[in-house]
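Participant: pasting the structure only:
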């Protein structure tokens, strides 16, 4: 009655505007950040990914008030059965529309399958296996930040150019590590190098001593670390303790983050060559975001996984607003049909197989004397264009490609 009485007292144009506003109910979406909150990958995702999601929600709200967002989070403990169970509960009982982050490739593959069964949206930023856009691709999944193909071609290619033609791998024994070793091995062999052997390391690991001794005994010029997070940190520290570099071997950390380098310290990590899709000090846009992020996350700069949560969620919310729908087919079609554009990754696109395309960057860790501050860690060696950084669409074996 209040609305009717107001209309009588107001001009006709004002009445029409009020009636329209009353009819335009906001769309409410519920999104979940699912990752490792307490284990080896908690620093590269963890609560920092929740912070990144909140920043994306806040920034989107400044441009569109007709989409409301509820946010939940959970720890998958790096266990595929736990991750799948949480995803199923979120979809079936809790009304979650989209899941973000999900490091640990085995967990991501399980969550992708549940997402497809339940017809929701999964935007991965933490897992690296190329199977997500290859044989296990899904019309409901986007792989946003990086993958093992991009990491291997960036870092292994650079090491080959520096004379690292013989390799021995220390490989985390699950989908991500094996995928990373396979991709890097292909690059090495195609470039005329040799793979002298590999050790499968239980995941997660704290003691790399026996595996490092095998790597030393191999005589390989490059010891490739096909692992991530706490595993990488432990391996690099112990490699220094064993005098690996003093014996003429070189470490290639195939996935390492700025938070890992910060934890190791420049004296230990100096000279490491690595590939990432995001660095906090890359440009004004990344710096502005990172300063906001750090102010809410104990002064820590964001990782590329956390940046991927921000950018992926922002693009998803744009799709909901543009289509005025949270229907998965509708929003996914919009996300793939429209360019991505955000301050962290710049302009990009999403292919039919779910692969998000953007440049990758080849960095080298600075020596202590080169650094001008606590988080001044990298120097840029090269920018790898998107079309070169990621596996060609036709080579992935994604069933969705044949349908298009």
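Facilitator: Happy to help now that I have it. It should be emphasised that the depicted structure is a prediction, and the values quoted were computed from it without experimental measurement.
Participant: report the central residue of this protein.
Facilitator: Nearest to the geometric centre of the chain sits residue 125, at 2.9 Å (C-alpha atoms, centre = their mean).
Participant: thought it was touching residue 313?
Facilitator: No - here residue 125 lies out of contact with residue 313, judged by C-beta atoms under 8 Å, at a distance of 9.3 Å. For glycine as for every other residue, the C-beta is placed from the backbone atoms N, C-alpha and C.
Participant: what do those two both touch?
Facilitator: Counting by C-beta atoms under 8 Å, 6 or more residues apart in numbering, the common neighbours of residue 125 and residue 313 are residue 100.
Participant: which positions in stretch 349-364 come out as buried?
Facilitator: 349-351, 353-364 (16 or more other C-beta atoms under 10 Å).
Participant: which one among those gets closest to residue 243?
Facilitator: residue 364 (21.7 Å; C-beta to C-beta).
Participant: that older thread, contacts only, for the closest residue to the residue nearest to the centre of the chain other than its chain neighbours.
Facilitator: Nearest in space to residue 125, with sequence neighbours left out and distances taken as C-beta to C-beta, 6 or more residues apart in numbering, is residue 308 at 2.8 Å. Residue 308 makes contact with 101, 125, 126, 144, 145, 277, 278, 345, according to C-beta under 8 Å, 6+ apart.
Participant: most neighbours among the residues you listed, please name it.
Facilitator: residue 101 (36 neighbours; other C-beta atoms under 10 Å).
Participant: is that one in contact with residue 49, as I believe?
Facilitator: Yes - contact criterion C-beta under 8 Å: residue 101 and residue 49 qualify, at 4.7 Å.
Participant: what is in contact with those two at once?
Facilitator: In contact with both residue 101 and residue 49: 33, 35, 125, 126, 305, 309, using C-beta under 8 Å, 6+ apart.
Participant: helix/strand/coil for residue 185?
Facilitator: Following DSSP: H, G, I helix; E, B strand; the rest coil, residue 185 is assigned to helix.
Participant: where does the nearest residue to it once chain neighbours are set aside land in three-state SS?
Facilitator: Excluding the flanking residues, the one nearest residue 185 by C-beta to C-beta, 6+ apart is residue 195, at 4.9 Å. Here residue 195 takes the strand state, with states given by three-state DSSP.
Participant: before we move on, the earlier item: secondary structure element holding the residue nearest to residue 125?
Facilitator: Residue 308 is located in helix 304-323, with elements delineated by DSSP states H and E.
Participant: what residues of that helix count as buried?
Facilitator: 304-321.
Participant: which residues of the chain score low on pLDDT?
Facilitator: The model of the chain has pLDDT under 70 over residues 1-24, 403-404.
Participant: who are the packing partners of the helix or strand in which residue 168 is found?
Facilitator: Take DSSP H and E as the rule and residue 168 turns out to sit in strand 166-172. Helices and strands touching strand 166-172, by 3 or more C-beta pairs under 8 Å, 6 or more residues apart in numbering; DSSP states H and E, are helix 175-190, strand 194-201, helix 209-218, strand 222-226.
Participant: the stretch 251-400 of the chain: strands as residue ranges?
Facilitator: For the stretch 251-400 of the chain, strands defined by DSSP state E, counting those that start in this stretch occupy the ranges 273-276, 340-342, 346-350, 356-357, 360-365, 378-384.
Participant: can I get those strands in a markdown table including distance to residue 97?
Facilitator: Below are these laid out as a markdown table (distance: least, C-beta to C-beta, whole Å):
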| stretch | distance to residue 97 |
| --- | --- |
| strand 273-276 | 29 |
| strand 340-342 | 19 |
| strand 346-350 | 18 |
| strand 356-357 | 19 |
| strand 360-365 | 30 |
| strand 378-384 | 33 |
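Participant: wait, which of those is closest to residue 26?
Facilitator: Among those, strand 340-342 comes nearest to residue 26, with 22.8 Å by C-beta to C-beta.
Participant: quick one: buried residues of the closest one?
Facilitator: So strand 340-342, judged by 16+ other C-beta under 10 Å, has buried residues 340, 342.
Participant: equivalent analysis for stretch 74-81, please.
Facilitator: Neighbour-count burial for stretch 74-81, counted by 16+ other C-beta under 10 Å, picks out 74, 75, 76, 77, 78, 79, 80.
Participant: so which of the residues you listed belong to strands?
Facilitator: Cross-referencing the buried residues of stretch 74-81 against strands under DSSP state E gives 74, 75.
Participant: which member of the buried residues of stretch 74-81 is positioned nearest residue 330?
Facilitator: Among these, and counting by C-beta to C-beta, the member closest to residue 330 is residue 74, at 26.4 Å.
Participant: surely the closest one and residue 32 touch.
Facilitator: Yes - at 6.8 Å, residue 74 and residue 32 qualify as touching, with contact defined as C-beta under 8 Å.
Participant: list the contacts of the residue nearest to the centre of the chain.
Facilitator: With C-beta under 8 Å, 6+ apart, residue 125 has these contacts: 49, 100-102, 144-145, 304-309, 312.
Participant: likewise residue 169?
Facilitator: Residue 169 makes contact with 181, 184, 185, 195, 197, 198, 199, 223, 224, 225, 226 under the criterion C-beta under 8 Å, 6+ apart.
Participant: filter those to the buried ones?
Facilitator: Buried members of the contacts of residue 169, scored by 16+ other C-beta under 10 Å, are 181, 184, 185, 195, 198, 199, 223, 224, 225, 226.
Participant: I figured the last one hits residue 173, correct?
Facilitator: Put plainly, it is residue 226. No - the criterion here is C-beta under 8 Å, and residue 226 misses it with residue 173 at 9.8 Å.
Participant: how much does the helix or strand harbouring residue 156 deviate in direction from strand 360-365?
Facilitator: Assigned by DSSP H and E, residue 156 belongs to helix 148-161. On the basis of axes from the mean of the first three to the mean of the last three C-alpha atoms, to 10 degrees, helix 148-161 is oriented at 50 degrees to strand 360-365.
Participant: buried residues, helix 148-161. List them.
Facilitator: Buried-residue list, helix 148-161, by 16+ other C-beta under 10 Å: 148-160.
Participant: JSON lines for those residues, including distance to residue 26?
Facilitator: As requested, the buried residues of helix 148-161 are exported to JSON lines (distance: C-beta to C-beta, whole Å):
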{"residue": "148", "distance to residue 26": "40"}
{"residue": "149", "distance to residue 26": "40"}
{"residue": "150", "distance to residue 26": "38"}
{"residue": "151", "distance to residue 26": "40"}
{"residue": "152", "distance to residue 26": "44"}
{"residue": "153", "distance to residue 26": "44"}
{"residue": "154", "distance to residue 26": "42"}
{"residue": "155", "distance to residue 26": "45"}
{"residue": "156", "distance to residue 26": "48"}
{"residue": "157", "distance to residue 26": "48"}
{"residue": "158", "distance to residue 26": "48"}
{"residue": "159", "distance to residue 26": "52"}
{"residue": "160", "distance to residue 26": "54"}
